[in-house]
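# fold the following, please.
(one chain, ligands or ions: 2)
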Amino acid sequence: MHSKTMPTEPKTFNSQEPTLSNPPRRHFTRQRRQLSDGERRQLAQSASLHLTKLQQRLPTHVRIGLYYDGFGELPTQLILDWCQRLGYFPYLPVVGSLGRTSNGNDDKRLRFVPVYHSKLVNVPTRIHHLGMKQNHSRALLCASELDVIICPLVAVDLNGNRMGMGGGFYDTTLGKSYRSGAKKPLKIGWCYDFQIVEQLAHQPWDVPLDGLITPSGIRWF
Ligand SMILES: Nc1nc2c(c(=O)[nH]1)N(C=O)[C@@H](CNc1ccc(C(=O)N[C@@H](CCC(=O)O)C(=O)O)cc1)CN2
Ligand SMILES: Nc1ncnc2c1ncn2[C@@H]1O[C@H](COP(=O)(O)OP(=O)(O)OP(=O)(O)O)[C@@H](O)[C@H]1O
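Residues are numbered from 1 along each chain as shown. Ligands and ions are numbered 1, 2, ... in the order given. A predicted model of the protein is given here:
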């Protein structure tokens, strides 16, 4: 596999309107859902081959935030396998652990819960009202305590700008450390190649990725 393979003809999309009703966001989420489980597994297998390149940049025993894939996302079980093989400490994101804000919405800052199971399907979870599975534990870390965060995304451009599900959770969680110039946590996207586009409109609060792993390779921004 190549480490800098370009996807064929990335498209330009305007994501100015950061809502779930934005057609570009739907364009990608639909395409993800159309894949079969077998196709998703096979593509994740290809992507996982590039984790060794990330490993080369990491010291031993790092803490790695991944996520419990849903919504047709590229499966993350092989990232968990990789963490466990190498003695890294895996964590999953939790929305809502900090309660609600004055407008009644979940506080947007993610916290991270340690994973003690070798299979994501065995992690005890409840389904959050936004649709993702979450484990609730008291031992929660904040993002700055992690070394790497593997970020879910809906689309990403060639500069590492990321479009998520529209909740603003990752941007809010990572914004402070990013703006302070902190190197930690390293932000790595994990997605299918068709989610890469040439250019996304950049919002002031957007936190760009440091790297991206897809079935075709790893790239650094
Ligand atoms: N697997 C996964 N976990 C994650 C994220 C993610 O993108 N993927 N998030 C990244 O920030 C956070 C959750 N963010 C979300 C923001 C909005 C919606 C949402 O609008 N859900 C729709 C259903 C969407 C669908 O089924 O395709 C809904 O509630 O109607 C879901 C999750 C934290 N955990
Ligand atoms: N750092 C922030 N401070 C204040 N509001 C923010 C911040 N980040 C995001 N938001 C709010 O969250 C909303 C969603 O942001 P955006 O569309 O960039 O999220 P996303 O990147 O798609 O989602 P996520 O980060 O959860 O994957 C925006 O409309 C914005 O109002």
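# up against ligand 2, what does the protein have?
Counting by C-beta under 6 Å from any ligand atom, the positions of the chain adjacent to ligand 2 are 18, 163-172, 175, 203, 205-206. (C-beta placed from N, C-alpha, C; glycine too.)
# which of these come close to ligand 1?
With the criterion set as C-beta under 6 Å from any ligand atom, the members of the residues of the chain next to ligand 2 near ligand 1 are Gly164, Met165, Gly166, Gly167, Phe169, Tyr170.
# from the middle of its chain, how far away would the host helix or strand of the last one be?
Here Tyr170, judged by DSSP states H and E, is contained in helix 169-179. On the basis of C-alpha atoms, centre = their mean, to the nearest Å, the separation between the geometric centre of helix 169-179 and that of its chain is 13 Å.
# state the next helix or strand along the chain beyond it.
Downstream of helix 169-179, the first helix or strand assigned by DSSP H and E is strand 186-190.
# let me see the backbone angles for the residue in the chain that ligand 2 sits nearest to.
Of the residues in the chain, the one nearest ligand 2 is Gly164, at a distance of 1.8 Å by C-beta to the nearest ligand atom. The main-chain torsion angles of Gly164 are listed as degrees, to the nearest 10 and equal phi -100, psi -160.
# return the residues in contact with the residue positioned nearest the centre of the chain.
Compute the mean C-alpha point of the chain, and by C-alpha atoms, centre = their mean the closest residue is Cys151, 1.7 Å away. Taking C-beta atoms under 8 Å, 6 or more residues apart in numbering as the definition of contact, the neighbours of Cys151 are Tyr67, Arg162, Gly164, Tyr170, Lys187, Ile188, Gly189, Trp190, Leu209.
# over to Asp147?
Contacts of Asp147 were listed using C-beta under 8 Å, 6+ apart, and they are Leu58, Pro59, Val62, Arg63, Ile64, Lys184, Pro185, Leu186.
# for burial, what's the neighbour tally of the residue lying closest to Met132 once chain neighbours are set aside?
In space, not counting the residues next to it along the chain, Met132 is nearest to Gly70; the distance is 4.9 Å by C-beta to C-beta, 6 or more residues apart in numbering. Counted by other C-beta atoms under 10 Å, the residues lying close to Gly70 total 16.
# which SS state does Gly70 fall under?
coil (DSSP: H, G, I helix; E, B strand; the rest coil).
# what sits against the closest residue to His128 other than its chain neighbours?
The shortest distance from His128 to any residue other than its chain neighbours is 5.1 Å, reached at Gln134 (C-beta to C-beta, 6+ apart). Applying C-beta under 8 Å, 6+ apart, one finds that Gln134 lies in contact with Tyr68, Leu92, Pro93, Val94, Val95, Gly96, Thr125, Arg126, Ile127, His128.
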